[in-house]
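Enquirer: Here is a sequence with its predicted model. Questions after.
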Amino acid sequence: MSLGLLIEPKEKLPEDRQLFSNTMLKAMIIPLVIEQLLQMIVGLADTMMVSYAGEAVVAGVGLDTMIYTVFIYLFTAVASGGAVVVSQYIGSRERKNANLSASQIYTISFIVSVVSMVLMLLSGNALLAGMYPDTEPLTMDACKTYMWIASISFPANALYNAGCAIYRSMGKTKTTMKVTLVANIINVIGNSIGIFILHAGAAGVAWPTTISWYVAAIIMTILCFRKEHVVNIDLKDILRLDFLMDKRILSVAIPNSIENTLFQAAKVALGMLVATFGTSQIAANTTGQTFWSLAACMSVSMGTVFITVIGQCVGADDSVAARWYMIKLTKLSLFLAMIWNVAVMILTPLLLPFYSLGDDTKLLILIIVAIHNAFAAVIQPFSGPLSSGLRAAGDVSFTMWTSIFSTVVCRTILSFLLAKWLGMGVVGIALAMGLDWCIKSALDIWRFFSGKWMNRKVI
């Protein structure tokens with residue numbers, strides 16, 4: 001049986017209403033997966049190289065990354081919220097509004113990122129000291145160094161995400177893949193110099209990352225000004241606030257931002273819990289998260305496809321096609337996630353010998369990666385990509401509240417129960433994450449079959 005027949009919904013959809021053929025979906029998905037894979041490989045390489053600077057630096061960068069990622073999630077949420085609006089305008093064939101919404105994504109992203117950068121530059125050290133009071137001095141020094149430098153990258157990261165969101169709304173994922181490749185090459189070369197030649201520790205990782213974000217942001221911004229594409233940005237629209245358009249974008253971006261920010265805030269709270277387990281478990285959790293990200297890249301990629309496809313179907317006022325593609329893409333997500341997570345699990349023990357970590361730390365990494373991948377293979381496609389489809393249809397309040405309930409409430413409570421009270425450490429953290437996905441998946445599946453996500457167009 002071919003893959004096309006395997007993922008095809010039982011219901012038939014006339015070909016003239018199929019906005020995206022299997023060939024078009026393939027052309028979107030493959031570059032997205034490669035892009036995610038490139039980012040994950042760089043993450044693995046970063047963690048591997050930092051490990052040679054000592055476990056204290058690994059632990060420090062890991063604790064700091066949990067806070068830094070809160071802001072990255074915020075910028076991504078704003079861009080993704082705007083992508084829903086742009087996709088729906090593309091589907092409704094309203095180019096003028098599509099261009100205006102794309103330009104306003106840049107405006108909002110820049111404002112949010114500059115405010116975030118100033119906030120962290122002024123209060124980052126005090127925040128770190130307050131959150132991790134018992135952290136060893138060497139680990140805290142690495143934390144403070146990395147945070148100060150990484151904060152400077154916020155505007156670049158936000159504008160890069162804005163540009164990528166616009167291009168992905170058009171289905172031009174090959175372009176974002178190429179830009180990501182350039183940025184990652186700069187990052188890896190810079191890290192090699194910073195760690196092995198300059199012996200700069202945390203700074204040797206932070207500066208190359210910051211520089212690579214600015215290069216990527218400049219390239220994506222230049223590309224977004226091109227007028228030959230379905231959507232382009234315009235300087236005069238970027239330099240003003242269109243409150244009506246901003247309201248539409250923010251109607252998706254704000255719930256999305258709340259959802260993603262609280263999700264990462266919960267991870268920060270759990271990071272504070274992990275910080276009490278000792279350097280070995282902190283290092284295992286930090287390295288394990290890199291493998292988790294690698295394993296999850298298939299579901300993350302498919303989530304982007306959902307936003308483009310479902311957003312355009314809803315923009316075209318075709319709820320039947322939207323439902324049809326929701327089923328098809330969910331089946332495809334599940335199939336790809338199962339294959340991908342098995343591959344990553346096989347790869348993990350082959351990569352661990354390259355890490356300069358203790359044997360106990362490596363064993364912990366193997367255990368938590370195995371737990372994560374089991375859930376990521378069969379559960380995450382429903383809690384991640386399907387949720388993105390609901391959001392793309394405009395059902396943003398439901399996805400926000402279910403995420404807050406499952407992640408902020410359930411995952412946090414289960415993590416403290418398993419990791420702290422039952423003494424399971426980072427293994428309990430991994431189990432709690434999987435159970436969180438189970439709860440979120442059950443709610444999203446119910447919402448889809450209820451049909452209540454339909455007719456919630458935001459434009």
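Expert: In hand now; what should we look at?

Enquirer: Which residues are in contact with Asp317?
Expert: 92, 457 (C-beta atoms under 8 Å, 6 or more residues apart in numbering). In short, each C-beta sits where N, CA and C put it, glycine included.

Enquirer: Any regions of this protein where pLDDT drops low?
Expert: In the predicted model of the chain, residues 1-7, 43-44, 47, 55, 60, 62-66 satisfy pLDDT under 70.

Enquirer: Would you agree Lys328 is in contact with Glu11?
Expert: No: assessed by C-beta atoms under 8 Å, Lys328 is found out of contact with Glu11, at 10.0 Å.

Enquirer: Which one's more surrounded, those two?
Expert: Between Lys328 and Glu11, counted using other C-beta atoms under 10 Å, the more crowded position is Lys328 (21 against 10).

Enquirer: okay, now the closest residue to Leu418 other than its chain neighbours: neighbour count?
Expert: Spatially, and ignoring its direct neighbours in sequence, Leu418 is nearest to Gly428 (3.0 Å; C-beta to C-beta, 6 or more residues apart in numbering). The local packing of Gly428 (other C-beta under 10 Å) involves 22 other residues.

Enquirer: which other helices and strands contact the helix or strand containing Gly428?
Expert: Gly428 is part of helix 426-450 when elements are defined by DSSP states H and E. Here helix 426-450 touches helix 243-274, helix 279-315, helix 359-378, helix 380-383, helix 385-392, helix 396-403, helix 412-415, going by 3 or more C-beta pairs under 8 Å, 6 or more residues apart in numbering; DSSP states H and E.

Enquirer: circling back: and the residue nearest to Leu418, what does it touch?
Expert: Contacts of Gly428 (C-beta under 8 Å, 6+ apart): 414-415, 417-420, 422.

Enquirer: again, but for Ser103
Expert: Here Ser103 is in contact with 233-234, 237-238 (C-beta under 8 Å, 6+ apart).

Enquirer: what's the nearest residue to it if we skip its chain neighbours?
Expert: Asp237 (3.5 Å).

Enquirer: So the one you found, which state does it fall into?
Expert: helix (DSSP: H, G, I helix; E, B strand; the rest coil).

Enquirer: Now do the same contact list for it.
Expert: For Asp237, the contacting residues are 99-100, 103-104, 107, by C-beta under 8 Å, 6+ apart.

Enquirer: Can you select the buried ones among these for me in PyMOL?
Expert: Selection of the buried residues among these in PyMOL, burial being defined by 16 or more other C-beta atoms under 10 Å:
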select buried, resi 99+100+103+104+107
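
Enquirer: Closest one to Thr180 out of the contacts of Asp237, please.
Expert: Within the contacts of Asp237, the smallest distance to Thr180 is 22.6 Å, found for Ser103 (C-beta to C-beta).

Enquirer: right, and the helix or strand after the helix or strand where the closest one lies?
Expert: Ser103 is part of helix 95-131 when elements are defined by DSSP H and E. Note on helix 95-131: by DSSP H and E, the next helix or strand toward the C-terminus is helix 137-151.

Enquirer: The helix or strand just after that following helix vs helix 279-315, what angle?
Expert: Remark: after helix 137-151, the chain's next helix or strand is helix 154-169, criterion DSSP H and E. If you take axes from the mean of the first three to the mean of the last three C-alpha atoms, to 10 degrees, helix 154-169 sits at 40 degrees to helix 279-315.

Enquirer: List of residues touching stretch 11-31?
Expert: For stretch 11-31, the surrounding residues in contact (C-beta under 8 Å, 6+ apart) are 4, 91, 171, 173-174, 176-177, 301-302, 305, 308-309, 312-313, 316, 318, 320-321, 324-325, 327, 329, 332.

Enquirer: For it, list every residue counted as buried.
Expert: Those would be 13, 19-20, 25, 28-29, 31, for stretch 11-31 by 16+ other C-beta under 10 Å.

Enquirer: Return the member of the residues you listed nearest to Val85.
Expert: Each of the buried residues of stretch 11-31 was scored against Val85 by C-beta to C-beta, and Leu19 proved nearest at 17.5 Å.

Enquirer: Tell me how far the closest one lies from Val84.
Expert: Going from Leu19 to Val84 by C-beta to C-beta, to the nearest Å gives 16 Å.

Enquirer: Could you report the neighbour count for the residue nearest to Ser415 when sequence neighbours are not counted?
Expert: In space, and not counting its chain neighbours, Ser415 is closest to Ala432: 4.1 Å by C-beta to C-beta, 6+ apart. Using other C-beta under 10 Å, Ala432 has 23 neighbouring residues.

Enquirer: Relative to Trp401, how far out is Ala432?
Expert: Distance of Ala432 to Trp401, computed by C-beta to C-beta: 20 Å.

Enquirer: what do you get for Ile90?
Expert: Distance from Ile90 to Trp401, by C-beta to C-beta: 28 Å.

Enquirer: More neighbours: which of these two?
Expert: Ile90 (24 against 14).

Enquirer: Is the more buried one in contact with Ser169, as I believe?
Expert: Yes: Ile90 lies in contact with Ser169 (C-beta under 8 Å); the separation is 6.3 Å.

Enquirer: tell me, what's touching the two both at once?
Expert: Residues touching both Ile90 and Ser169 (C-beta under 8 Å, 6+ apart): 231, 311.

Enquirer: picking that back up, show me which of the contacts of Gly428 are buried.
Expert: Buried residues within these, counting neighbours by 16+ other C-beta under 10 Å: 414-415, 418-419.

Enquirer: Just name the closest of those to Asp242, please.
Expert: The nearest one, if we look at those relative to Asp242 and count by C-beta to C-beta, is Ser415, at 42.2 Å.
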